[in-house]
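Undergrad: let me see the structure of the following:
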Amino acid sequence: MLKDLAQEIDIIVNIAATTNFYERYDVSLDVNVLGVKHLCHFAEQCPRLKMFMQVSTAYVCGDREGLILEKPIESLREGTYLDVDAELRLVREAKKELTAMINNSSSDDAHNNNKKKTEERKAMKELGFQRARHFGWSNTYVFTKAMGEMVLGQLRGDMPVVIVRPSIITSVRADPLPGWMQGTRTIDTLIIGYAKQNLSCFLGDLSVVVDVIPGDMVVNAMMAAMVEHSEEKGAAAVPVYHATSSLRNPATYSVFYEAGLRHFYENPRVGKNGKIIPTREMCFFTSIARFHLYMLLTFKLPLEVRSHN
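TA: Residues are numbered from 1 along each chain as shown. Coordinates of the predicted model:
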């Protein structure tokens, strides 16, 4: 079946990814890095292939300021050399050691075994975060997406490749209908939390630009790139497109927040009891110290008082 499929494919678009910022390192490598590798090997079997499009993320560029050029990614931190194969070996060895630790446990107690598995998950998550920070990325997600781009660059041969890097994808602008989105991811969780009035405060500066892009505009950019580059064959440089908004149409957190506030004032949510959930304004903190003080006074101290009563 796979061989028959390979004969019919003109374009491969890889949008598969785990987008969890704090994902297990082994899982993130499997999906965001090895997934690209397997697709490259499959692409070699597609005689009609006109393009391989990799949908990455604008945040593979790291925390750099200013104008970010659209070019293939390299290691962000000076003095470090990122070897993808070495990272794969590292995570295999770490996973082997953790598995051996669990299997060698003399305890058959289900509670202890579950605790060890929880510790294994935590250790793999911490490993991914540590490796990301070591090489200059902020989290495991963007780190492994950057490695996915590197693998694609190494394996593409003369295959026509295009990379699209969207920023934070939000609900659509127009198609199939304004505001539509599927599932809850990234910034959507903040919107849902505020809609349910479960999110009362946020650590952030309202004057800072938040780079969001509607999902259908990302798809439009992808299709335009397909048309532009579908007839190219093994170009020397991989075309990279940033599907972002902060340069040409920047919006601050205040614009984003005020739009949400206005929407839920006009369209309040209704709880399970049938009553309207009142929309309240959110508290914003520009410093971690103020945020910690708020959490202490609002939540921690009242809980401690109750526990002593």
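
Undergrad: enumerate every residue touching N14.
TA: G35, V36, L39, F52, M53, Q54, V55 (C-beta atoms under 8 Å, 6 or more residues apart in numbering). (C-beta placed from N, C-alpha, C; glycine too.)

Undergrad: identify the farthest-apart pair in these.
TA: Farthest-apart pair in those is G35 and M53; separation 14.0 Å (C-beta to C-beta).

Undergrad: those two: which is more packed in?
TA: Neighbour count, other C-beta atoms under 10 Å: between G35 and M53, M53 has more, with 22 against 18.

Undergrad: could you look up the SS state of that one?
TA: strand (DSSP: H, G, I helix; E, B strand; the rest coil).

Undergrad: for it, which non-adjacent residue is spatially closest?
TA: Nearest residue to M53, sequence neighbours excluded (C-beta to C-beta, 6 or more residues apart in numbering): V13, at 4.6 Å.

Undergrad: tell me the domain ranges of this structure?
TA: 1-167+213-245, 174-210+248-309 (automatic domain parsing).

Undergrad: where does the chain have its least confident helix or strand?
TA: Least confident element among the helices and strands of the chain, by mean pLDDT, DSSP states H and E: helix 301-308 (a mean of 82).

Undergrad: in which helix or strand would I find V36?
TA: helix 35-43 (DSSP states H and E).

Undergrad: check the offset of whichever helix in the chain runs longest from the chain's centre.
TA: Longest helix in the chain by number of residues (criterion: DSSP state H): helix 110-135. Relative to the centre of its chain, helix 110-135 is centred 19 Å away, using C-alpha atoms, centre = their mean, to the nearest Å.

Undergrad: what mean pLDDT does it have?
TA: Throughout helix 110-135, pLDDT has a mean value of 85.

Undergrad: okay, and for the stretch 201-309 of the chain, where does confidence drop off?
TA: For the stretch 201-309 of the chain, the stretches with pLDDT under 70 are 234-235, 309.

Undergrad: re earlier: quick one, the helix holding V36 and strand 51-55 angle?
TA: Here helix 35-43 runs at an angle of 170 degrees relative to strand 51-55 (axes from the mean of the first three to the mean of the last three C-alpha atoms, to 10 degrees).

Undergrad: go through helix 35-43 and flag the buried ones.
TA: G35, V36, K37, L39, C40, F42, A43 (16 or more other C-beta atoms under 10 Å).

Undergrad: got the residues you listed as a markdown table, with pLDDT and distance to G260 columns?
TA: Converted to a markdown table, those look like this (pLDDT from 0 to 100; distance: C-beta to C-beta, whole Å):
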| residue | pLDDT | distance to G260 |
| --- | --- | --- |
| G35 | 96 | 34 |
| V36 | 95 | 35 |
| K37 | 95 | 40 |
| L39 | 95 | 37 |
| C40 | 94 | 41 |
| F42 | 95 | 42 |
| A43 | 93 | 41 |
